[in-house]
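> Here is a sequence with its predicted model. Questions after.
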Amino acid sequence: MVLAQVKKGQNLKILSIPNDLIRAQAIRLGIGEGSVVTCAEQIPAGPVVLRKNRQEVAIGHGLAKEILVEIV
């Protein structure tokens, strides 16, 4: 499933971030492939807000459609 399909409150494991530039940026924020995060907010046709520990990161809808995740 892709990140754009998740629901608020679900715990997720990031499986794949296809874009090298975005992957590097995500790793700097502590969210890489294999990371377990929580969907803090899901705005329809808008960003997905991910929470890991006490940090929140908003991922744009277009990018969220490319990131593969699984529910844990």
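Perfect, I can see it now. Here the structure is a predicted model, which means the values were calculated and not measured. Residues are numbered from 1 along each chain as shown.
> give the contact list for G30.
Applying C-beta atoms under 8 Å, 6 or more residues apart in numbering to G30 gives the contacts 52-53, 55. From N, CA and C alone the C-beta is placed, and that goes for glycine too.
> next one: E66
Counting by C-beta under 8 Å, 6+ apart, E66 makes contact with 2, 17-19.
> Sort out which of those residues are buried, if you could.
By neighbour count, with 16 or more other C-beta atoms under 10 Å, those hold I17 as buried.
> Could you give the bridge partners of C39?
Beta-bridge pairing for C39 (DSSP bridges): L50.
> what about the biggest helix by length in the chain, average pLDDT?
In the chain, with assignment by DSSP state H, the single longest helix is helix 20-28. Helix 20-28 carries an average pLDDT of 87.
> ok, and what's touching that helix?
Residues outside helix 20-28 that contact it (C-beta under 8 Å, 6+ apart) are 14, 17, 32-33, 57, 63.
> starting at the chain centroid, how far to the lowest-mean-pLDDT helix or strand in the chain?
Sorting the helices and strands of the chain by mean pLDDT, DSSP states H and E puts helix 20-28 at the bottom, at a mean of 87. In terms of C-alpha atoms, centre = their mean, to the nearest Å, the centre of helix 20-28 is found 12 Å from the chain centre.
> Helices of the protein, residue ranges please.
20-28, 61-64.
> okay if I get those helices as a markdown table plus distance to K7 and mean neighbour count?
Output for these, formatted as a markdown table (distance: least, C-beta to C-beta, whole Å; neighbours: other C-beta atoms under 10 Å):
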| stretch | distance to K7 | mean neighbour count |
| --- | --- | --- |
| helix 20-28 | 21 | 13 |
| helix 61-64 | 13 | 15 |
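> Of those, which is nearest P47?
Taking C-beta to C-beta, helix 61-64 is the member of the helices of the chain nearest to P47, at 6.3 Å.
> Residues in contact with the closest one: which ones?
2-4, 19, 22, 45-48.
> now it, how far from the centre of its chain.
That offset, for helix 61-64, works out to 9 Å (C-alpha atoms, centre = their mean).
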